[in-house]
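Novice: Need the 3D shape of this:
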Amino acid sequence: MLSIVFRCFTAFCLSAFMTACASGADMPRHSVEDIRSDFTRLYEGLQSAHIALYANRSKAEYDALYADRLEAFDRPLSTYEAYLLFQEFTAFGKVAHASVNDPENAFARFQRRGGKYFPILPRIVDGAVYVGEDYSGVKEVESGDEILEINNIPTSQWLHRLGRHVSADTEYIAHSLLEFRLPRYLWVELGEIKQFALRLKKQDGSEKEVTVPARSWAGQRLAGFGRKSGFQIKGQKREAKILDDNIAYLKPGPFINISDPSRSWDNRKFIRFIDAAFEDFLKANTDTLIIDLRENPGGDSTFSDHMVAWIADEPFQFASEFWIRSSPEAEAANAARLAGNPDAAAGVSTFFAKQYAQTPHGESFRFDIPAAQPREGQKFEGQVYVLINRHSYSQAVNVAATFQDYGLGVIAGEPTSDFATTYGSIETFTLPRTGLSVNFPKAHIIRPSGDKVPGGVVPDISIPSPIGPQTQDVVLEGLLAYIKRGR
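Specialist: Residues are numbered from 1 along each chain as shown. Predicted structure coming up:
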């Protein structure tokens, strides 16, 4: 059965891709021997380096899939074709931080040359697919409509089919990622087509069949200009202000240096922003603070710790335990970091190098994260609320878990799809013949509470996110109403 499924997928998906990608004829092709060799190296590397390759799939399942797919490689493939198949194999393990990197960035290139694709970003709730952001320009399509079928195929089948491309521990994570990536994977599966036939369930309960044209990126933006403008959360934005009733509001933005990507880990500007924000809050005698982590992609604890230190009254850590698997792949990645970055020698990379040398490959060692300290002097001592949603990722999830587990604040919004107890701390190894790079999680990270069951942060106050753009921030307004009722 696996063989039949794989061969059908290979023939269908890759032929569609070659139709879609205008530069396909220019791609270097790898022999069957090279593809099989790198596929073997992929699985061997994952077995060696992945902290928990069989956490969600048994070894027997993975071994059977590996044997079946190895046999199915019977023709030369381009690098991108190999990427698609290797990524699907890696995603089979259902661990979000294990993936193969796209070497071509083919969809972005397709967009840049004016390629046309599915013009709707969906909202996926409990397995149902809704129109979220609509750039089709078709008046019969409205945000909030449920999409029942795309090209006569139920969306439940599309979610399964497209989800094979996505590394994700749960359907909730996969669906949160597909809210951004569904147009891309429809293009991978179908190639560039002129239009899409949709069957919609309108908000009054009626059903309607609608044809929407494929649109280029520029065409989608032009189509969007005619829509009623709405509020959308901007996760990259940093903002500090005081709302009505003297409630302080802080959107820290990503926990990286967004103003200078070449110095991603330079936190000096971020620290100045955070310090100025809290100084203003204290001058205004605010007694309530909302920290907004919605749509926050995360970053590094050297940024977020400084923010938390303004509130904490005891030392804190974003993880109670941090276990790292020793492997040739992780050791080599760490050595390359030390060789290429002199500053790394002063950090944890030197500690890791010693531990890798002392710990037999296949075993794990514990990394004791130094506790962050509360700041000296003035601190914010009022009530804190932290807003999260399904698109709060990485360090943003760790920050929310820190507030919840140390009792520093009340969490509001919807559950995060990304996990607080997770398999993470990504490293990379490279496949020698195709040059594909493979991400693997080397660590088991356990949230501050010590709960070892992988899972996200569940809010103390549930405020579901709306479907599609709104005229105002209904989630923030809901939290403000809750706060004011309690005063």
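
Novice: Can you tell me the element Phe440 falls in?
Specialist: Secondary structure assigned from DSSP states H and E places Phe440 in strand 437-446.

Novice: Would you list the strands that that strand pairs with, along with their directions?
Specialist: For strand 437-446, the pairing partners within the sheet under DSSP bridges are strand 99-100 (antiparallel), strand 321-325 (antiparallel), strand 422-430 (antiparallel).

Novice: Take those and lay them out in JSON lines including mean pLDDT, distance to Lys379 and mean neighbour count.
Specialist: Using the backbone N, CA and C atoms, a C-beta is placed for each residue, glycine as well. Supplementary listing: the strands paired with strand 437-446 in JSON lines, determined by pLDDT from 0 to 100; distance: least, CB to CB, whole Å; neighbours: other CB atoms under 10 Å:
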{"stretch": "strand 99-100", "mean pLDDT": "98", "distance to Lys379": "40", "mean neighbour count": "24"}
{"stretch": "strand 321-325", "mean pLDDT": "97", "distance to Lys379": "27", "mean neighbour count": "21"}
{"stretch": "strand 422-430", "mean pLDDT": "95", "distance to Lys379": "29", "mean neighbour count": "21"}
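
Novice: can I get the ones you listed in CSV with distance to Lys484?
Specialist: Formatted as CSV, those follow (distance: least, CB to CB, whole Å):
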stretch, distance to Lys484
strand 99-100, 44
strand 321-325, 40
strand 422-430, 35
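
Novice: Which one, of those, ends up nearest to Ala277?
Specialist: Closest to Ala277 of these is strand 422-430 (CB to CB; 28.6 Å).

Novice: hmm, who's touching that closest one?
Specialist: Strand 422-430 is contacted from outside by 45, 49-52, 55, 95-98, 101, 169, 322, 324, 329-330, 332-334, 436-445, 454, using CB atoms under 8 Å, 6 or more residues apart in numbering.

Novice: Generate a ChimeraX selection restricted to the buried entries among these.
Specialist: To isolate the buried members of the contacts of strand 422-430 in ChimeraX, using 16 or more other CB atoms under 10 Å:
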select :45,49,50,51,52,95,96,97,98,169,322,324,329,330,332,333,334,436,438,439,440,441,442,443,444,445,454
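
Novice: For this protein, give me the ranges with low pLDDT.
Specialist: Within the chain, the segments meeting pLDDT under 70 span 1-27, 225-231, 342-346.

Novice: just the helices in it please.
Specialist: In the chain, the helices defined using DSSP state H lie at 2-20, 32-49, 59-72, 79-91, 106-112, 155-163, 171-190, 217-224, 268-283, 301-309, 328-340, 348-358, 395-405, 474-485.

Novice: If we go by neighbour counts, what in the fifth one is buried?
Specialist: When you say that, I think you mean helix 106-112. Ala106, Phe107, Phe110, Gln111.

Novice: Leu250 versus the first one, what's the distance?
Specialist: Relative to Leu250, Ala106 is positioned 39 Å away (CB to CB, to the nearest Å).

Novice: Can you give me the separation between Ile426 and Pro441?
Specialist: Distance, Ile426 to Pro441, by CB to CB: 6 Å.

Novice: shared neighbours, those two?
Specialist: In contact with both Ile426 and Pro441: His97, using CB under 8 Å, 6+ apart.

Novice: quick one, what contacts the nearest residue to Val458 once chain neighbours are set aside?
Specialist: The shortest distance from Val458 to any non-neighbouring residue, by CB to CB, 6 or more residues apart in numbering, is to Pro415 (4.9 Å). Residues in contact with Pro415 (CB under 8 Å, 6+ apart) are Tyr172, Ile388, Arg390, Gly456, Val457, Val458, Pro459.

Novice: With distance to Gly224 and neighbour count as added columns, please give those in CSV.
Specialist: Below are the contacts of Pro415 laid out as CSV (distance: CB to CB, whole Å; neighbours: other CB atoms under 10 Å):
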residue, distance to Gly224, neighbour count
Tyr172, 28, 18
Ile388, 27, 31
Arg390, 23, 24
Gly456, 31, 25
Val457, 32, 27
Val458, 34, 14
Pro459, 31, 21
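
Novice: tell me which of these is nearest to Ala396?
Specialist: Nearest member of these to Ala396, counting by CB to CB, is Ile388, at 7.4 Å.

Novice: Quickly list what the nearest residue to that closest one once chain neighbours are set aside is bridged to.
Specialist: Nearest in space to Ile388, with sequence neighbours left out and distances taken as CB to CB, 6+ apart, is Gly413 at 4.5 Å. Beta bridges link Gly413 to Ile388, Ser462 when assigned by DSSP bridges.
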